[in-house]
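In: could you look at this predicted model? Sequence included:
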Amino acid sequence: MNKCAFRPADPTGSVPAGNPVRSILIGSALTFFLATVPPTLRSAVPPDSAEVLAAMKKATVFYREKLAVQGGYASAWALDLSEGMTESGASPTIISIQPHGTTTIGLTMLRAYVATGETLFLNGATGAVEALVATQLSSGGWDDDFDFDPEIAAKVHTRRDLEAGDSDPGKRYRTSTLDDHKTTSALQLLLEYVHTEGVIADPEIIRSLEFGIDGLLAAQFPSGAWAQKFQGPADPDMPVLKATIPKTWPREFPKAKYTGYATLNDGNLTHVMEFLLRAHELTGDPRFMASAKRLGQFLLLAQLEGAQPAWAQQYDERMHPVWARKFEPPAVSSVESYGAAETLAMLWAATGEERFRAAIFPALDWLEQSRLEDGRWARFYELETNKPLYCDAETYELTSDDGNLPTHYGFKIESGLESKIVRMRELLELSPEDALRKQQPPAHPESWAKRARGVVGKVKAAIESQEKEGYWIDDDLIDAGLYVKHVGAMAYYLDALRMAEKK
């Protein structure tokens, strides 16, 4: 595999590719940074690089020494450190695969290493990677979490079991999930780790990555989609069909199992596309681009025709929109439709194929036409009629009345969708080469200095809100997401200062 370092993540969430790790040039980089800050803003300058690095180290030492379980992490912890917590449970021996947990903490530590060259962060990332290697399922991916308690762990069928000759899982759990960026974030950490300059990956880590890649690619439907969950290769005889709206569909929740449907919900396929394109960028392996194009072809097939040229959350084997949970009816979804458009845009920029770009415009038009009077969007729109579709908070009956909505789910969208649509249209006016270029890191020191200035407030907030032990608290819990947010911002800042120094 080729070696390539990656830049620390932009706090907005992007992960631009970059150059090999070098030492932080603290003094001169800070001098350059100060020289570019207008005098009226210098009172907003955060502590110097040494203080920022110290805060990152303090947080990472605490996490590694007090919170890690065999190198992995839960999503939150009691203040007395008695147990870790995940979305589905709590235990002194549990780790979370779902962000924010082992995968995103590991990625943050790896990005901190790239920014600073400090082995403390690399060792932390290595621990998280080893936790993923130990918890990888025999189907190739990962579940929501893993409990290392021997009695609980014995109920799971892992890759290590399989490679030891234990090929019959029996009743042991082995189902991989793409839901909420679980398997894809695990593969992302393994991929970035193996391809980071200065990392010498253990052969078993490389084997785990390759096993996971093989499992993911094998689970792709002939149509190009993935189910939310998989236990092995997809059925090669599954039909490849164009999506259609059925003449009738059940308005009452049928309680059917939905995890085997082709699923766009929660950005599942967007995360898969991101992984495939990044893997192709780092390795040049044509399998990844071929798989990405098949995924793009699925999105073209799944786009509904007529007055609703957009996407549902999930489709059955007939390519009909179908129910998932009791509050996720067959419908056209604003969130998933923008996600599908974003996924196609990524693929268009990478391939230059006009068919992927052309499909986006009618979807954006539909989104703009479907905006509600209050300026927001409904999550769901009724098939054919395009009326907003909600659930009653008590009965979960479908309704067009938004006066009594459940509070646990976003039935109305307020996440800046309007500005996202504007930016998408601007992107699509570029050539594919220029669209890709916009995603690359800056070429000039002045641009890096501007990036550093842009996160001054985030860095100051991170340092000022850090507890003396090194962690951050939310709702009386030690919160993994705050480690990812704050250490990520500080790593980004230090890396930007370093790059600003380069002549």
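Out: Good, I have the coordinates. Because the structure is predicted, anything quoted here is derived from the model rather than measured.
In: now stretch 123-133 - C-alpha only, PDB.
Out: Provided in PDB are the C-alpha atoms of stretch 123-133 (Å, rounded to 0.1, in the frame of the first residue of the first chain):
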ATOM      1  CA  ASN A 123       0.500   5.700  20.500                       C
ATOM      2  CA  GLY A 124      -3.100   6.600  21.400                       C
ATOM      3  CA  ALA A 125      -4.200   6.200  17.800                       C
ATOM      4  CA  THR A 126      -2.400   2.800  17.700                       C
ATOM      5  CA  GLY A 127      -4.400   1.700  20.800                       C
ATOM      6  CA  ALA A 128      -7.700   2.600  19.100                       C
ATOM      7  CA  VAL A 129      -6.700   0.800  16.000                       C
ATOM      8  CA  GLU A 130      -5.800  -2.300  18.000                       C
ATOM      9  CA  ALA A 131      -9.100  -2.200  19.700                       C
ATOM     10  CA  LEU A 132     -10.800  -2.200  16.300                       C
ATOM     11  CA  VAL A 133      -8.700  -5.100  15.100                       C
END
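In: got a list of contacts for that stretch?
Out: Surrounding stretch 123-133, the residues in contact under the criterion C-beta atoms under 8 Å, 6 or more residues apart in numbering are 60, 63-64, 68-73, 95, 97, 102-103, 105-107, 109-110, 113, 142, 146, 186, 189-190, 193, 204-205, 208. (Each C-beta comes from the backbone N, C-alpha and C, glycine too.)
In: what's the ChimeraX line that selects buried ones from the residues you listed?
Out: Burial among the contacts of stretch 123-133 is assessed by 16 or more other C-beta atoms under 10 Å; the matching ChimeraX selection reads:
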select :60,63,64,68,69,71,72,73,95,97,102,103,105,106,107,109,110,113,142,146,186,189,190,193,205,208
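In: now, the contacts of stretch 123-133 that are in helices?
Out: Among those, DSSP state H puts 60, 102-103, 105-107, 109-110, 113, 186, 189-190, 193, 204-205, 208 in helices.
In: pick the one among these closest to Pro330.
Out: Ala186 (30.8 Å; C-beta to C-beta).
In: contacts only, for that closest one.
Out: Ile97, Thr102, Thr103, Leu132, Gln136, Gly141, Trp142, Gly212.
In: measure stretch 142-161 end to end?
Out: 14 Å (C-alpha to C-alpha, to the nearest Å).
In: for stretch 217-231, which positions count as buried?
Out: 217, 219-221, 223-231.
In: which two among those are spaced furthest apart?
Out: Gly224 and Gln231 (19.4 Å).
In: and Val240, that's in a helix?
Out: No - read with DSSP: H, G, I helix; E, B strand; the rest coil, Val240 is coil and lies in no helix.
In: could you report the pLDDT at it?
Out: At Val240, the predicted lDDT confidence score is 98.
In: what of Gly198?
Out: Confidence score, pLDDT, at Gly198: 89.
In: could you measure from it over to Thr248?
Out: As defined by C-beta to C-beta, to the nearest Å, Gly198 lies at a distance of 60 Å from Thr248.
In: my read is that Asp476 contacts Leu79, right?
Out: Yes - the pair formed by Asp476 and Leu79 meets the contact definition of C-beta atoms under 8 Å, at 6.6 Å.
In: have a look at those two and say which one is more surrounded.
Out: Leu79 (12 against 9; other C-beta atoms under 10 Å).
In: so what's the more buried one up against?
Out: Counting by C-beta under 8 Å, 6+ apart, Leu79 has contacts Ile473, Asp476, Leu477, Ile478.
In: how about the nearest residue to the last one, chain neighbours excluded?
Out: Setting aside the residues directly before and after it, Ile478 is nearest to Trp77 in space (C-beta to C-beta, 6 or more residues apart in numbering), at 4.3 Å.
In: from Lys182, how far out is that neighbour?
Out: Counting by C-beta to C-beta - Trp77 and Lys182 are separated by 20 Å.
In: between these two, which one's more packed in?
Out: Lys182 (25 against 22).
In: I'd say the more buried one and Gly141 touch.
Out: Yes - judged on C-beta under 8 Å, Lys182 makes contact with Gly141 at a distance of 7.5 Å.
In: quick one, helices of the stretch 101-250 of the chain?
Out: Assigned by DSSP state H, counting those that start in this stretch, the stretch 101-250 of the chain shows helices spanning 102-116, 119-135, 150-153, 159-163, 182-194, 203-218.
In: need those helices in CSV (columns: mean pLDDT).
Out: CSV is the format used below for the helices of the stretch 101-250 of the chain (pLDDT from 0 to 100):
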stretch, mean pLDDT
helix 102-116, 97
helix 119-135, 98
helix 150-153, 98
helix 159-163, 98
helix 182-194, 98
helix 203-218, 98
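In: ok, the most centrally placed residue in the chain - contacts?
Out: Nearest to the mean C-alpha position of the chain, counting by C-alpha atoms, centre = their mean, stands His181 at 5.0 Å. Contacts for His181 (C-beta under 8 Å, 6+ apart) come out as Gln98, Pro99, Thr103, Asp266, Gly267, Asn268, His271.
In: which of those residues are buried, as a ChimeraX select command?
Out: Per 16+ other C-beta under 10 Å, the buried members of the contacts of His181 correspond to this ChimeraX selection:
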select :98,99,103,266,267,268,271
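In: and which of the contacts of His181 is nearest Gly339?
Out: Nearest to Gly339 among the contacts of His181, with distances taken as C-beta to C-beta, is Gly267, at 5.3 Å.
In: nearest residue to the closest one in space, please, no chain neighbours.
Out: Gly339 is the one closest to Gly267 (C-beta to C-beta, 6+ apart), at 5.3 Å.
In: got the phi/psi numbers for that neighbour?
Out: phi -60, psi -40 (degrees, to the nearest 10).
In: can you pull up the bridge partners for Asp474?
Out: With DSSP bridges as the criterion, Asp474 is bridged to Leu477.
In: report the contact partners of it.
Out: Applying C-beta under 8 Å, 6+ apart, the residues near Asp474 are Ala76, Gly481, Leu482.
In: in strands only, show me these.
Out: Within the contacts of Asp474, residues falling in strands by DSSP state E are Ala76.
In: most surrounded residue in the contacts of Asp474?
Out: Neighbour max across the contacts of Asp474 (other C-beta under 10 Å) = Ala76, 25 neighbours.
In: ok, it touching Gly84?
Out: Yes - when contacts are counted by C-beta under 8 Å, Ala76 is listed as touching Gly84 (7.3 Å).
In: right, and Leu107 touches Leu191 too?
Out: No - Leu107 is not in contact with Leu191 according to C-beta under 8 Å; the separation is 10.3 Å.
In: and of the contacts of Asp474, the nearest to His320?
Out: Gly481 (36.5 Å).
In: my guess is Pro99 contacts Asp180. True?
Out: Yes - counting by C-beta under 8 Å, Pro99 touches Asp180, with 7.3 Å between them.
In: residues contacting the residue nearest to Phe221 when sequence neighbours are not counted?
Out: Excluding the flanking residues, the one nearest Phe221 by C-beta to C-beta, 6+ apart is Ala234, at 4.9 Å. Going by C-beta under 8 Å, 6+ apart, Ala234 touches Ala218, Ala219, Gln220, Phe221, Pro222, Ala227.
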